[in-house]
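K.L.:
Here's my sequence, what's the structure:
(chains A, B and C)
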Amino acid sequence: MPLWTVHHTPGIFTDDDKHQLAAGIADHYQQVGLPRFYVVTLFHEMRPEDFYVGGEPCPAGVRITIDHIARHNPDQEARRRTARWIDRILQPHLEGKAGLHWEFHVDETSDELWMINGVVPPPGGSDAEQHWAKTNATSSY
Amino acid sequence: MPLWTVHHTPGIFTDDDKHQLAAGIADHYQQVGLPRFYVVTLFHEMRPEDFYVGGEPCPAGVRITIDHIARHNPDQEARRRTARWIDRILQPHLEGKAGLHWEFHVDETSDELWMINGVVPPPGGSDAEQHWAKTNATSSY
Amino acid sequence: MPLWTVHHTPGIFTDDDKHQLAAGIADHYQQVGLPRFYVVTLFHEMRPEDFYVGGEPCPAGVRITIDHIARHNPDQEARRRTARWIDRILQPHLEGKAGLHWEFHVDETSDELWMINGVVPPPGGSDAEQHWAKTNATSSY
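P.N.:
Alright, predicted model coming up:
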């Protein structure tokens, strides 16, 4: 469910950095009970000539869009908490990079318009979802 | 209106496979009355080192995001039907690929924040929309 | 906040064209009071074999998705006005290109699920936002 799409300019992430960031993201969602394989993270490297901030080519930029599907925040305070933990995931991977513009936002979409490997994922918190989490794979239920 | 964005790892689709999948998607929306040219399908090939599932590089993955603009589902059952027909479009193109992780989700956005070739598309089901469908082109109305 | 993602086929934009378009987009949001650096514009060049309109490879296509986060339209008329000014930004950059399919749509997402450089952006219209606009940079507030 969570789909993280990371657009970044060259020189921000090595392949190993990407792997570590993607693993850190998956760790978080797994800790709150989601099947680990729900977490997909995509990286697009863009030239500064294809990545503009304020109308100017950006030498060092990271722009992340996140789609949340399986779980939604019920209210403003929950949304703010969600933004803060996303920030905590990202900080160790981005802090200290001089002159970096980095930004994320989250969209929330319907879990009824979502399928994995041809299967409708089980309801959040259900026994079936816990089984998917334990086996880290889809199965009929 | 429907925008299908397909991220995939190498070796999943040939150019001919992409063409066939894109045509199959357009067929479906045309059958339910939409102008065929409303359907845009974009393919991004990603290295496994840029495509992580559960925090690990994915050797064989397809992650599809779909934006629905011109038509929205009124309720839960309609959303579930929509997910099922999307699954039926995709299955013939993806089934039997060993070890493939494939997943889609749909977002629904406002048809009032949408234009094609500088023209506001006509209301869903209107005579003008049917004319656009028949001519497969935008025109003033 | 506004994130413009521009998918286009080869030969539509030079790097200089991209720069001018990105600057024109930033100009608009700055004129209505937003910090200029809120505006991020990303360009993805796609082969026609990766860009299908109506199920056929598109020799000349531009498909733009726009995420609005910091400001939302309160009603239908406001949404239509927003679509028209986006069209006015784009027209000078796209008109007169023969056979071009171009299309945009906008999604509106929560400003509570959004951070820049590890900081929650200030409320729309606040003194702090005006300070961010004047300095064109994030700061604590």
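
K.L.:
Buried residues of the helix ranked longest in chain A, list them for me.
P.N.:
Scanning chain A for the helix with the most residues, using DSSP state H, yields helix A:76-94. Buried residues in helix A:76-94, counted by 16 or more other CB atoms under 10 Å in any protein chain shown: A:79, A:82, A:83, A:86, A:87, A:89, A:90, A:93, A:94. Quick note: C-beta positions are derived from backbone N, CA and C, even for glycine.

K.L.:
May I ask which two of those are separated the most?
P.N.:
Based on CB to CB, the longest span within those runs between A:79 and A:93 and measures 22.4 Å.

K.L.:
helix or strand right after the helix or strand containing residue A:29?
P.N.:
Secondary-structure assignment from DSSP states H and E places residue A:29 in helix A:15-31. The C-terminal neighbour of helix A:15-31 among helices and strands, as given by DSSP H and E, is strand A:40-45.

K.L.:
list the helices and strands the following helix or strand past the longest helix of chain A packs on?
P.N.:
Once the chain leaves helix A:76-94, the next helix or strand it forms, by DSSP H and E, is strand A:101-108. In terms of contacts (3 or more CB pairs under 8 Å, 6 or more residues apart in numbering or on different chains; DSSP states H and E), strand A:101-108 is packed against strand A:61-68, helix A:76-94, strand C:114-116.

K.L.:
got a list of contacts for the last one?
P.N.:
By that I understand strand C:114-116. A:83, A:86-87, A:101-106, C:1, C:37-38, C:69-70, C:120-121, C:138 (CB atoms under 8 Å, 6 or more residues apart in numbering or on different chains).

K.L.:
If you average the pLDDT over it, what comes out?
P.N.:
Here the mean pLDDT over strand C:114-116 is 97, rounded to a whole number.

K.L.:
ok, and the closest non-adjacent residue to residue A:119?
P.N.:
residue A:138 (5.0 Å; CB to CB, 6 or more residues apart in numbering or on different chains).

K.L.:
what about that neighbour, how many residues close to it?
P.N.:
The number of residues packed near residue A:138 is 19, by other CB atoms under 10 Å in any protein chain shown.

K.L.:
ok, it touching residue A:122?
P.N.:
No. The pair residue A:138 / residue A:122 is not scored as a contact, 9.6 Å apart, by CB atoms under 8 Å.

K.L.:
between these two, what contacts are shared?
P.N.:
By CB under 8 Å, 6+ apart, the residues touching both residue A:138 and residue A:122 are residue A:132.

K.L.:
hang on, the earlier thing: is it possible to mark the buried ones in the contacts of strand C:114-116?
P.N.:
A:83, A:86-87, A:101-106, C:1, C:37-38, C:69-70, C:120-121, C:138.

K.L.:
Quick one: name the residues of chain A near chain C.
P.N.:
Residues of chain A found near chain C, taking CB under 8 Å from any CB of the partner chain as the criterion, are A:7, A:44, A:46, A:49-57, A:61, A:63, A:65-66, A:73, A:76, A:79-80, A:82-83, A:86-87, A:90-91, A:94-95, A:100-108.
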